[in-house]
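Participant: Give the three-dimensional model of this entry:
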Amino acid sequence: MSLIVGVDDYSSESDVIIIPSALDFVSQDEMLTPLGRLDKYAASENVFNRQMVARSLLDTLREVCDDERDCIAVLERINRLADDSEPTVRAELMEQVPHIALFCQENRPSIPYAFSKYLLPIVVRYLADQNNQVRKTSQAALLALLEQELIERFDVETRVCPVLIELTAPDSNDDVKTEAVAIMCKMAPMVGKDITERLILPRFCEMCCDCRMFHVRKVCAANFGDICSVVGQQATEEMLLPRFFQLCSDNVWGVRKACAECFMAVSCATCQEIRRTKLSALFINLISDPSRWVRQAAFQSLGPFISTFANPSSSGQYFKEENKSSEDVSVEDKNRIRNQDVLEDVQIRPEDVPSDLRVTNSSINLENLLEGPASETSRKPPGEISVPADSSLLCTLSSELHQEAASNENDRKPGHYKSTFRPEPGTSSQDSALLDQELYNSFHFWRTPLPEIDLDTELEQDSGKSPSPEAAPEVPVSCSPNITMATRRELEEMIENLEPHIDDPDVKAQVEVLSAALRASCLDAHEETGSVEKRSDLQDEPGINELPNCKLTQDDSVPLICDAVEGVDSTPHYAHDDSDMSTSSGFSPEEERRAKVQDVVPQALLDQYLSMTDPSRAQTVDTEIAKHCAYSLPGVALTLGRQNWHCLRETYETLASDMQWKVRRTLAFSIHELAVILGDQLTAADLVPIFNGFLKDLDEVRIGVLKHLHDFLKLLHIDKRREYLYQLQEFLVTDNSRNWRFRAELAEQLTLLLELYSPRDVYDYLRPIALSLCADKVSSVRWISYKLVSEMVKKLHMATPPTFGVDLINELVENFGRCPKWSGRQAFVFVCQTVIEDDCLPMEQFAVHLMPHLLTLANDRVPNVRVLLAKTLRQTLLEKEYFLASASCYQEAVEQTIMALQMDQDSDVKYFASTHPATTKVSQDAASTASSTY
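Facilitator: Numbers count the residues shown, from 1 in each chain. Predicted coordinates for the structure are as follows:
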């Protein structure tokens with residue numbers, strides 16, 4: 001029996017089996033029109049054929065796009081295909097709809113209204129399809145169409161939104177309802193505020209209260225922040241916040257967890273007052289939630305939530321021109337700053353202060369100098385003056401700050417001291433000037449701190465006078481900004497709500513924290529009463545009413561004589577700067593707690609954030625909680641402002657010494673941002689030691705420091721910056737020698753560091769590292785290093801005198817141009833090519849110092865070197881005007897070298913010496929040159 005393939009007939013008279021050939025089908029299809037092929041396979045009983053039809057619809061449309069009637073016919077067949085009973089066909093069709101819609105949009109003149117009439121009804125209908133895969137595909141298609149703005153606004157209002165609202169009706173299928181709510185939330189940012197408020201928001205609020213389906217409530221909670229950001233502040237506060245409070249107290253922990261995850265977005269859509277009074281207490285409830293998963297999500301969102309309290313007027317982030325002394329600020333600028341309520345340190349010289357505002361030594365009441373840290377963040381009326389950071393008297397204009405009186409002398413930590421005073425009646429201007437000069441005398445601020453002297457409280461009482469009716473109204477009645485009466489009631493309610501779950505160790509810990517806060521609030525209330533009475537007694541002193549609330553704050557780098565006044569006792573203490581205060585062992589736990597008091601954010605939130613470094617949190621909440629704390633710390637520091645850095649200093653030091661390298665790595669990647677926030681003085685005092693520790697850490701941590709080395713060093717003083725020149729060499733040593741990306745990053749950073757150092761420092765310290773990187777085993781490191789060396793040549797050549805540049809060029813010639821290894825000679829050609837491309841040297845200097853050595857490589861025995869030389873001469877050097885001029889004495893030497901290369905035995909050398917390819921970049925040349933990675 002014989003087998004014949006490709007015969008169209010079977011004859012019983014012969015022993016031949018006839019099998020139709022696939023080529024016959026191809027030839028038959030080619031004879032059909034595009035519409036004919038579409039109809040043939042769309043009517044096929046084979047599911048795969050119909051799937052192929054759906055997949056080829058776009059190609060068919062492209063073939064017939066010139067004929068409008070054929071395009072309409074294809075779209076009509078799409079409608080028939082949409083009724084296919086096979087779900088896979090419908091899903092395949094829906095995947096093609098966004099592409100077909102985009103094609104229709106681009107060819108609107110040929111197919112007007114094609115999408116709205118033929119495609120959109122299919123998308124909307126499939127949203128309620130019985131098959132899950134078809135529904136998911138249609139939802140993805142709808143979002144893609146909205147994102148590309150292919151659906152008209154009118155169609156969104158009249159055809160899409162009504163269907164979604166119908167799908168979320170109470171009698172709708174549970175799965176369909178959940179998916180429809182998710183689509184409504186995701187499309188809200190795309191359709192805008194108007195449609196969202198009119199059509200989506202009412203149904204969304206209803207879905208938040210769906211009592212039967214917690215899945216629906218969970219979807220609403222997960223997308224709550226997106227809806228809030230779209231509808232704006234007013235609608236959020238009036239309609240959404242009540243629903244958000246209900247969701248945060250939902251019976252299902254998954255709903256509460258979703259609320260915690262979107263808390264920052266909700267907070268951004270509310271005003272500061274609601275954020276402080278309502279959302280803060282709500283967030284504390286989530287942090288104290290019985291469910292560990294809710295607490296975990298809440299702690300992850302705590303830092304971002306705190307960052308929403310940021311206010312530019314208190315964060316201290318303002319542009320300041322470099323090398324411009326604050327003494328040079330004009331009166332005009334001072335007035336502008338004052339009018340805008342900008343919190344910026346403006347230096348005021350003694351002679352610039354009006355005589356009626358000058359301070360006499362006798363007018364400063366010592367009782368007020370002993371006032372505690374609460375005055376650091378107290379509310380001040382608009383009459384304050386501002387005195388600079390560089391002098392020892394600092395006045396900071398605070399915005400939206402609360403008054404706090406903490407007059408118990410035994411519970412104070414030095415930092416910022418506040419006093420209200422006025423000149424004594426009858427003081428002459430001469431005396432004022434003399435006392436002024438004495439007040440700003442360097443003796444007070446720059447000499448070694450004197451020991452504190454015990455104060456006689458009886459003398460203080462004798463010096464006071466009975467309060468007068470005139471002085472009493474001027475005493476600000478203070479109340480605790482952190483724990484008010486309303487807050488105490490909230491604490492009591494929270495404790496009552498947690499008591500049923502007291503058996504849980506985590507809940508018990510939370511109850512203890514809240515109880516301690518409640519007791520502290522009662523203590524503060526008693527202290528404030530005594531403080532107000534004492535202040536009223538002091539208010540009648542001479543020199544009290546003229547300058548309301550001038551705040552004496554110490555500069556971080558200048559210790560005051562009274563810096564370490566902790567209270568009135570008989571033991572003399574010596575003054576210390578701020579860096580010593582945070583670690584002083586002389587403070588009681590209560591004093592340390594008070595030292596971390598501020599009023600930028602609710603204190604309860606900050607306390608919870610600071611507790612994230614507690615080892616017990618890793619066991620009861622999340623093993624990664626310290627990493628989340630480190631990740632959000634720059635945002636929290638920016639929110640609190642550099643004046644409240646003392647609240648975070650200890651936490652930052654704890655994180656920097658954490659046992660997990662991931663925590664230290666996170667800090668290393670953000671330390672440059674924190675340095676910008678804190679300023680040069682705090683950076684030098686608190687961040688530089690930690691930075692130095694990171695330099696000696698694991699490579700996983702060091703890479704974070706290395707990636708932003710330039711960003712950090714440029715913030716330091718020049719003397720401090722030079723200290724790191726000795727440590728740059730250490731970056732060449734890694735835990736794993738195959739970690740070549742570390743060295744590549746070092747080369748990138750050294751290129752940026754050239755601008756920070758003098759030519760002498762560049763030559764002495766950066767040059768050896770750069771030359772070492774040029775000889776690296778990995779080609780990627782070498783390519784970056786060529787750019788580094790060329791920039792170094794440029795900087796040193798521009799220096800006066802240019803001897804460093806000449807010495808560097810001579811070293812390049814000696815170490816690379818005459819290197820016994822061909823890779824070194826190839827590196828020399830690369831450096832020369834980069835120098836020419838980037839104009840690092842004037843062509844006259846290049847021709848004198850580098851070109852003679854470059855041309856000698858035309859006789860190199862390795863073809864790779866000659867190939868690169870041919871490229872450099874032909875594509876780079878001859879492009880320069882200097883070598884195109886006929887008067888150039890070097891043109892003849894270049895042309896002779898090129899002619900010699902054109903007759904080279906190697907075909908590649910001939911090719912590049914004879915032609916003029918388009919590529920001229922070093923990286924492309926290096927990639928095309930035969931050089932191994934290792």
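Participant: The closest residue to Phe204 other than its chain neighbours: neighbour count?
Facilitator: Closest residue to Phe204 apart from its sequence neighbours, by C-beta to C-beta, 6 or more residues apart in numbering: Ile227 at 6.0 Å. In this view, the C-beta of every residue, glycine as well, is placed from N, C-alpha and C. Using other C-beta atoms under 10 Å, Ile227 has 29 neighbouring residues.
Participant: quick one: what helix or strand has Ile227 in it?
Facilitator: helix 224-231 (DSSP states H and E).
Participant: And the contacts of that helix?
Facilitator: Helix 224-231 is contacted from outside by 185-186, 188-189, 192-193, 196-197, 200-201, 204, 236, 239-240, 244, 247, 258-259, 262-266, 268-269, using C-beta atoms under 8 Å, 6 or more residues apart in numbering.
Participant: Now that we have the residues you listed, which of them are buried?
Facilitator: 185-186, 188, 196-197, 200-201, 204, 236, 239-240, 244, 247, 258-259, 262-266, 268-269 (16 or more other C-beta atoms under 10 Å).
Participant: Which ones among those lie within helices?
Facilitator: Taking DSSP state H as the definition of helices, those contribute 185-186, 188, 201, 204, 244, 247, 258-259, 263-266, 268.
Participant: Name the pair among the residues you listed with the greatest separation in space.
Facilitator: Across these, the longest distance by C-beta to C-beta is 20.7 Å; it joins Leu201 and Met264.
Participant: and Glu147, what is it in contact with?
Facilitator: Met190.
Participant: For it, give its distance to Pro189.
Facilitator: 10 Å (C-beta to C-beta, to the nearest Å).
Participant: From Gly704, how far off is the closest residue in space to His849 that isn't next to it in sequence?
Facilitator: Closest residue to His849 in three dimensions, ignoring its sequence neighbours and counting by C-beta to C-beta, 6+ apart: Ile809, at 4.8 Å. According to C-beta to C-beta, Ile809 and Gly704 sit 36 Å apart.
Participant: Same check on Ala140?
Facilitator: Taking C-beta to C-beta as the measure, Ala140 and Gly704 are separated by 37 Å.
Participant: re earlier: elements contacting the helix or strand hosting the residue nearest to His849?
Facilitator: Per DSSP H and E, Ile809 falls inside helix 803-812. Judged by 3 or more C-beta pairs under 8 Å, 6 or more residues apart in numbering; DSSP states H and E, helix 803-812 is in contact with helix 767-774, helix 779-798, helix 843-849.
Participant: Would you check how far apart Ala618 and Arg217 are?
Facilitator: 31 Å.
Participant: Between these two, tell me which one has more neighbours.
Facilitator: Taking other C-beta under 10 Å, Ala618 and Arg217 do not tie; Arg217 has more neighbours (27 against 15).
Participant: wait, doesn't that one sit right on Val252?
Facilitator: Yes. With contacts counted by C-beta atoms under 8 Å, Arg217 reaches Val252, the gap being 7.3 Å.
Participant: For Leu93, which three-state class applies?
Facilitator: Secondary structure, DSSP: H, G, I helix; E, B strand; the rest coil: Leu93 is helix.
Participant: Same question for Ser85.
Facilitator: Following three-state DSSP, we place Ser85 in the coil state.
Participant: Ok, the one 3 residues further on next?
Facilitator: Thr88 falls in the helix class when you classify it by three-state DSSP.
Participant: Average pLDDT for stretch 845-865, rounded please.
Facilitator: Per-residue pLDDT over stretch 845-865 has a mean of 91.
Participant: how long is that stretch from one end to the other?
Facilitator: Terminal residues of stretch 845-865 lie 23 Å apart, using C-alpha to C-alpha, to the nearest Å.
Participant: show me what contacts the residue nearest to Ala182 when sequence neighbours are not counted?
Facilitator: Leaving aside its sequence neighbours, Ala182 sits nearest to Val219 (C-beta to C-beta, 6+ apart; 5.1 Å). Counting by C-beta under 8 Å, 6+ apart, Val219 makes contact with Thr178, Val181, Ala182, Cys185, Met207.
Participant: re the thing from before, pick out whichever of Ile809 and Gly704 has more residues nearby.
Facilitator: Remark: of Ile809 and Gly704, Ile809 carries more neighbours, 24 against 20, as counted by other C-beta under 10 Å.
Participant: ok, the more buried one to Val789 distance?
Facilitator: Note on Ile809: its distance to Val789, by C-beta to C-beta, is 10 Å.
Participant: swap in Gln902?
Facilitator: Applying C-beta to C-beta, the value for Gln902 to Val789 is 30 Å.
Participant: higher neighbour count, those two?
Facilitator: The residue with more neighbours, out of Gln902 and Val789, is Val789; 26 against 15, by other C-beta under 10 Å.
Participant: Who are the contact partners of that one?
Facilitator: Ala770, Leu771, Cys774, Leu808, Leu812, Val831, Thr834.
Participant: Scan those residues and report the most crowded one.
Facilitator: Counting by other C-beta under 10 Å, top hit in the contacts of Val789: Val831 with 27 neighbours.
Participant: pretty sure that one is in contact with Cys774, am I right?
Facilitator: Yes. Contact criterion C-beta under 8 Å: Val831 and Cys774 qualify, at 7.3 Å.
Participant: tell me, what's touching those two both at once?
Facilitator: Shared contacts of Val831 and Cys774, counting by C-beta under 8 Å, 6+ apart, come down to Tyr786, Val789, Phe816.
Participant: Spit out the contact partners of Asp622.
Facilitator: Asp622 neighbours (C-beta under 8 Å, 6+ apart): Gln296, Phe299, Gln300, His628.
Participant: Recalculate using a threshold of 6 Å.
Facilitator: Contacts for Asp622 (C-beta atoms under 6 Å, 6 or more residues apart in numbering) come out as Gln296.
Participant: Good, we can wrap up now.
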